[in-house]
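1. no sequence on this one, just coordinates:
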Ligand SMILES: [Zn+2]
Ligand SMILES: [Zn+2]
């Protein structure tokens with residue numbers, strides 16, 4: 001019998017604790033609680049000539065409650081509502097001068113007001129039961145401190161049940177004892193704050209990863225474009241002019257980009273349209289214009305390159321820089337290659 005009672009008590013404690021933990025996260029009243037005390041409530045009532053007893057860790061002390069053991073008869077207020085907000089609320093007490101608990105429903109006014117009315121009427125303790133529809137959920141009530149009065153909250157189902165029994169004329173008594181202390185390390189504001197912080201950090205990490213990935217893709221495309229351009233220019237023939245070539249006779253043409261006459265040892269690039277110009281003049285021209293300066297033939301298109309004009313200058317600078325580095329290292333190794341070392345950049 002004792003073992004059964006203990007088992008029931010343990011199960012009751014576990015389910016109570018689950019409900020209580022859930023409630024702590026949802027109830028604003030719990031936000032400043034650091035430690036709360038549960039209450040063991042031992043209720044006794046008579047059905048016919050049978051005495052029934054219920055014991056469980058079913059209550060929780062209010063934050064300003066006295067923490068001590070109290071016993072007494074449970075008395076609800078007279079009248080239609082059990083809110084006990086009005087100072088004139090009456091409690092029908094028996095003839096004896098026994099200690100009694102006021103049984104009050106949550107709502108209508110704050111906890112302090114309810115407790116004060118009950119205290120003024122001479123109650124030794126106050127049992128407040130939760131709103132209808134909240135099952136047996138409880139939480140530590142915030143109220144003004146009452147050093148000598150025990151204030152506990154019980155679930156709505158339990159409170160309603162006691163109220164109905166008393167309405168049927170059944171005498172219900174209770175012994176309230178201090179249960180266990182629970183320390184709450186995190187209140188729900190802290191949990192919300194932690195969630196916001198974690199979400200923010202996660203967002204920034206995601207954003208940074210995405211940004212780096214985009215940059216890598218961009219860089220790869222850029223490198224591919226440079227390689228394509230180099231290949232394309234590689235298809236355009238280069239020629240070093242020599243003494244005796246017809247282009248450098250007094251009747252020969254000038255380069256239409258720099259207006260200089262062609263001289264021996266000038267490197268010229270021959271376009272797909274067969275027009276030729278100084279290599280150093282035509283390469284940047286093609287990158288920025290795309291066409292032959294003489295016949296407007298679309299050279300890049302003819303080489304299968306589609307280039308956005310706004311990137312041309314940037315691309316040109318990058319190619320020049322890259323090729324300058326290449327030619328410097330090549331110059332270090334092959335000093336006999338005078339054409340490459342003398343050229344500020346080369347697209348080949
Ligand atoms: Zn030129
Ligand atoms: Zn041309």
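-> Nice, thanks for sending it over. Because the structure is predicted, anything quoted here is derived from the model rather than measured. Residues are numbered from 1 along each chain as shown. Ligands and ions are numbered 1, 2, ... in the order given.

2. quick one: residue 301 and residue 105, what's the gap?
-> In this view, residue 301 and residue 105 are 85 Å apart by CB to CB, to the nearest Å. In this view, the C-beta of every residue, glycine as well, is placed from N, C-alpha and C.

3. now residue 280
-> Counting by CB to CB, the gap from residue 280 to residue 105 is 95 Å.

4. per-domain residue ranges of this structure.
-> 2-184, 225-342 (automatic domain parsing).

5. looking at residue 301 and residue 105, which one has more neighbours?
-> Remark: of residue 301 and residue 105, residue 105 carries more neighbours, 21 against 13, as counted by other CB atoms under 10 Å.

6. not counting its neighbours along the chain, what's nearest the more buried one?
-> Leaving aside its chain neighbours, residue 105 sits nearest to residue 82 (3.9 Å; criterion: CB to CB, 6 or more residues apart in numbering).

7. can you pull the residues of the chain lying near ligand 1?
-> 255, 257, 258, 278, 281 (CB under 5 Å from the ion).

8. just the buried residues out of those, in PyMOL syntax.
-> Selecting only the buried entries of the residues of the chain next to ligand 1 in PyMOL, with 16 or more other CB atoms under 10 Å as the criterion:
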select buried, resi 255+278+281
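
9. of the residues of the chain next to ligand 1, just say which sits nearest to residue 289.
-> For those, the closest approach to residue 289 (CB to CB) belongs to residue 257, at 10.2 Å.

10. phi first, then psi, for that closest one.
-> phi -90, psi -50 (degrees, to the nearest 10).

11. right, and it touches residue 288 too?
-> No. Using CB atoms under 8 Å as the test, residue 257 is too far from residue 288 to be in contact (11.2 Å).

12. buried residues, stretch 241-254. List them.
-> Buried-residue list, stretch 241-254, by 16+ other CB under 10 Å: 241, 247, 248.

13. in CSV: those residues, plus distance to residue 269.
-> Compiled in CSV, those are given as follows (distance: CB to CB, whole Å):
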residue, distance to residue 269
241, 12
247, 13
248, 16
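
14. for residue 130, which non-adjacent residue is spatially closest?
-> Distances taken as CB to CB, 6+ apart place residue 156 nearest to residue 130, at 4.5 Å, with adjacent residues excluded.

15. burial measure for the one you found, as a count.
-> 19.

16. give the contact list for it.
-> 129, 130, 131, 132, 133, 134, 135, 136, 137 (CB atoms under 8 Å, 6 or more residues apart in numbering).

17. which strand or helix spans the third one?
-> Think residue 131. Using DSSP states H and E, residue 131 sits in no helix or strand.

18. from residue 137, how far off is it?
-> In terms of CB to CB, residue 131 sits 9 Å off from residue 137.
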